[in-house]
Each structure stands twice: as C-alpha cells, then as structure tokens.
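**Q** Starting from these lines, generate the structure:
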Amino acid sequence: MTWLADASRTVTTGSAQQAVGYPALFLLVLIGALVPVVPTGALVSSAAVVAFHRTAPFALALVFVTASSAAFLGDAALYWLGRRGTTSRNGSRWLEAIRQRAPEERLAQARGKLAEHGIAVLVLSRLVPAGRIPVMLACLMAEWPLRRFARGNLPACLAWAATYQLIGILGGSLFKEPWEGVVVAVALTVAVGAVPGVWRRVRAAG
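**A** Purely as a prediction, here's the structure:
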C-alpha cells in the first residue's frame, strides 16, 4: 500500500501546485499588461514547459486560456484607463504612463500603420516586442471606442499566448527535466525581446 500512499501524495501535491499556479499566472500576466515591467512572455513560456511535462494537452489548454484571458482583460483595463485620461482636462497618470512608454518615432509609425491597415496592426502589435504600447496609444489618439479596440485585441492576445506557449513547448520538448526547459524558454523569450533594440542600434550605427 506504500505505492498507493505515494501516488496519492503526488496527485495531491500536483493538484495543489496547479491550484496555486494558474491563479498566480493569471494575476502576473494581468499586472504585466497594466504595468509592462513583468516579463509576461517568459512567464507563459515557463508555465507551458511545466504543463508539457505534466498532463499535456489539458494543462497546456489551461495555460493558454489563463494567459490569453489575463492579457485581454489587462489590455482592456489599461485602454479604458487611457480613454478616461483623454476625456479629462487634466489627463491621467495612466495616460501619461502610456505616453512615456511610446517613443515619438515608434508612435508616428504606429499611427501611420494603424490608419492604413486598421485592426490588423493591433493584432500584430502584441507579437512584436515593445509594439503593444505605441499601437495602443495610436488607438487612443484615433479615439477608437473600447469595443472596437477589444475586437482587435482579442485575436492579438490569443496569438500572443499561442506564440509564447509554443516557445515553452519547444523548450520543454528538448529536455527531460522541466527546469532545463524553463531555462531555454526564458532565454528564447529574452532573445526575442532583445532583437528590436539590437536592430535599432545597428541601424543607428550604420
């Protein structure tokens, strides 16, 4: 009966970890959408690695739903707060925070692309590192209502969650131990995030 007790403890521990893990992932991604200092892509990739080594595909589906819904709600909340700032005489600290994270050059590019391609730019903005905030500010300046923004942001969040989950699955499939896959997934997400900055420096130096 020892093996049964061990199995029971394993199941209980796994269930407890999942009960804590998914709400924690949701909360961190939500906060990361509101305050873009949390490495949400790395979080999703790491969660996907752990899920891959457990009860995939059910756990992977939960990671996808948790991450995409948290990102969508966080973006919607930030956009709503920004909209309130645009209609207020004194603005708001949220709108000012969005403006501070959108350099003039990138904002001008985002406004031009948004005027030309519409919602398609919003969908792609979450897949481009540091592309989300300039496009969101461009939508605010174009006076898009929240409903229109949400309509374009939903597929953007789904594509974002799927992309970083695939990175996690790739990292998890390369190694037997989950922690090794997490290290690879985090390294990949950091590398992806660093590419635009490196490219801009190369262009400036050239």
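**Q** Going by C-alpha atoms from here, please, whenever you check contacts or count neighbours.
**A** Noted.
**Q** which residues in the protein form helices?
**A** Assigned by DSSP state H, the helices in the chain fall at 2-34, 40-52, 58-86, 93-100, 104-117, 119-125, 132-141, 146-174, 178-205.
**Q** Buried deepest among those helices, which one?
**A** helix 40-52 (a mean of 27; mean count of other C-alpha atoms under 10 Å).
**Q** on that earlier part again, rank the helices of the chain by mean pLDDT and give me the bottom one.
**A** Among those, helix 178-205 carries the lowest mean pLDDT, at a mean of 56.
**Q** wait, G74 sits on L34?
**A** Yes: judged on C-alpha atoms under 8 Å, G74 makes contact with L34 at a distance of 5.6 Å.
**Q** so what's Y164 closest to, chain neighbours aside?
**A** Leaving aside its sequence neighbours, Y164 sits nearest to S45 (C-alpha to C-alpha, 6 or more residues apart in numbering; 5.2 Å).
**Q** next one: A162
**A** Nearest residue to A162, sequence neighbours excluded (C-alpha to C-alpha, 6+ apart): F64, at 6.7 Å.
**Q** Now do the contacts for the one you found.
**A** Neighbour list for F64: L158, A161, A162, Q165 [criterion: C-alpha atoms under 8 Å, 6 or more residues apart in numbering].
**Q** what do you get for P134?
**A** Shown in contact with P134 (C-alpha under 8 Å, 6+ apart): I98, R99, R101, A102, P103, R106, L107, A110.
**Q** Please tell me how far it sits from R106.
**A** 6 Å (C-alpha to C-alpha, to the nearest Å).
**Q** and if you look at P23?
**A** 34 Å.
**Q** same question, A33
**A** A33 is 19 Å from R106, by C-alpha to C-alpha.
**Q** do the same with T66
**A** Distance of T66 to R106, given as C-alpha to C-alpha: 30 Å.
**Q** cool, I31 as well?
**A** 24 Å.
**Q** now S45
**A** Where R106 is concerned, S45 sits at a distance of 27 Å (C-alpha to C-alpha).
**Q** go on, G32?
**A** 21 Å.
**Q** again, but for A70
**A** A70 is 26 Å from R106, by C-alpha to C-alpha.
**Q** so N153 touches V123, yeah?
**A** Yes: with contacts counted by C-alpha under 8 Å, N153 reaches V123, the gap being 6.1 Å.
**Q** list the contacts for the nearest residue in space to T66 that is not next to it in sequence?
**A** Leaving aside its sequence neighbours, T66 sits nearest to F26 (C-alpha to C-alpha, 6+ apart; 5.6 Å). Neighbour list for F26: T66, A67, S69, A70 [criterion: C-alpha under 8 Å, 6+ apart].
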